[in-house]
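Peer 1: next come a sequence and a model predicted from it.
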Amino acid sequence: MGEQLELFPKEEVEVSKKVKIKDPEWCFQFFDNEPIVMGWQEDTNAEASPLVMQIQPFEGDGLSFTQNGMQFRIFARPISEESKKEREEQIKKK
């Protein structure tokens, strides 16, 4: 028989636990600039819930963040021919 490859280290790896923030504020940040607060949970006694954003595919709709003249924008637009080709290639790979 051939040799067996050692794919995983034999030593133990420590995995850190995520600490849930009790009273969070939600922020966005450009590079290492100061974070910008975009919202917080109103009920400080309730368990913290996740931030969920939904952007519908309508022209002109979207979400924009601006800081120091820089703008970060999330939006929908009609799919380009280039994206159609890329999507087809990815579907073929599955």
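Peer 2: On my side now, so go ahead. All of these numbers come straight from a predicted model, not from anything done at the bench.
Peer 1: phi, psi of the residue nearest to Arg77 when sequence neighbours are not counted?
Peer 2: Leaving out its chain neighbours, the residue that sits closest to Arg77 by Cβ to Cβ, 6 or more residues apart in numbering is Glu59, at 7.9 Å. Every residue, glycine included, has its C-beta placed from N, CA and C. In terms of degrees, to the nearest 10, the main-chain angles of Glu59 are phi -60, psi 140.
Peer 1: Glu81 now?
Peer 2: Note on Glu81: backbone dihedrals following degrees, to the nearest 10 are phi -60, psi -40.
Peer 1: what about it, distance to Val37?
Peer 2: Distance of Glu81 to Val37, given as Cβ to Cβ, to the nearest Å: 40 Å.
Peer 1: likewise for Asn45?
Peer 2: The value you get for Asn45 to Val37, if Cβ to Cβ is used, is 20 Å.
Peer 1: circling back: just give me the neighbour total for the residue nearest to Arg77.
Peer 2: A count of neighbours around Glu59, defined by other Cβ atoms under 10 Å, yields 9.
Peer 1: just Thr44 next, same as before
Peer 2: Applying other Cβ under 10 Å, we find 9 residues neighbouring Thr44.
Peer 1: same check, this time on Val13
Peer 2: Val13 has 6 neighbours, counted by other Cβ under 10 Å.
Peer 1: pLDDT wise, what is it at?
Peer 2: According to the per-residue confidence, Val13 scores 70 in pLDDT.
Peer 1: Glu81 and Val37: which has the busier surroundings?
Peer 2: Val37 (10 against 7).
Peer 1: in three-state terms, label the more buried one for me.
Peer 2: strand (DSSP: H, G, I helix; E, B strand; the rest coil).
Peer 1: contacts only, for it.
Peer 2: For Val37, the set of contacting residues under the criterion of Cβ atoms under 8 Å, 6 or more residues apart in numbering consists of Glu25, Trp26, Cys27.
Peer 1: list phi and psi for Arg73.
Peer 2: Per degrees, to the nearest 10, the residue geometry at Arg73, taken as phi and psi, is phi -130, psi 140.
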